[in-house]
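Enquirer: Based on what follows, work out the 3D shape:
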Amino acid sequence: MSDVLTRFFALEALNVIPEVYVALAGIWLWILIVNFFSIAGQQIPPWAKLIWVLVVTLLPILGVFLYCLFCLLRADYSYLHQLGLFMPNRNKG
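Expert: So this is what the prediction gives:
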């Protein structure tokens, strides 16, 4: 079993499949493009848009994750109320 794991994680010519890396790079590029268009469409000041573009660009995985959290926190969930997925809060009042 350890031999299989060693061969799996070794960067040998037999383990490097260019098509997989090209596909992963294409998926990552698509994620970045979608994030940039999403940032451009946000109703935030231009300086905040610039900061988000820098965060997403300079911190590749963490930046995209943080931007997704930012979008989720700012999202409008009123359509979920219309579907009956959230019960109205009766404590407010």
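
Enquirer: In which helix or strand does the most centrally placed residue in the chain reside?
Expert: With distances taken as Cα atoms, centre = their mean, Val64 lies nearest the centre of the chain, 4.0 Å away. Using DSSP states H and E, Val64 sits within helix 60-74.

Enquirer: Also Asp3?
Expert: Going by DSSP H and E, Asp3 is in helix 2-9.

Enquirer: Using CSV, write out every CA atom in that helix.
Expert: Included here for helix 2-9 are C-alpha records, laid out as CSV according to Å, rounded to 0.1, in the frame of the first residue of the first chain:
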residue,chain,number,x,y,z
SER,A,2,2.8,2.4,0.8
ASP,A,3,4.3,1.7,-2.6
VAL,A,4,1.1,2.7,-4.3
LEU,A,5,0.9,6.0,-2.3
THR,A,6,4.6,6.7,-3.0
ARG,A,7,4.1,6.3,-6.7
PHE,A,8,0.8,8.4,-6.6
PHE,A,9,2.5,11.4,-4.9
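
Enquirer: And the next helix-or-strand element following it, what does it pack against?
Expert: Using DSSP H and E, the helix or strand that follows helix 2-9 towards the C-terminus is helix 18-41. Counting by 3 or more Cβ pairs under 8 Å, 6 or more residues apart in numbering; DSSP states H and E, the packing neighbours recorded for helix 18-41 are helix 46-58, helix 60-74. (Each C-beta comes from the backbone N, C-alpha and C, glycine too.)
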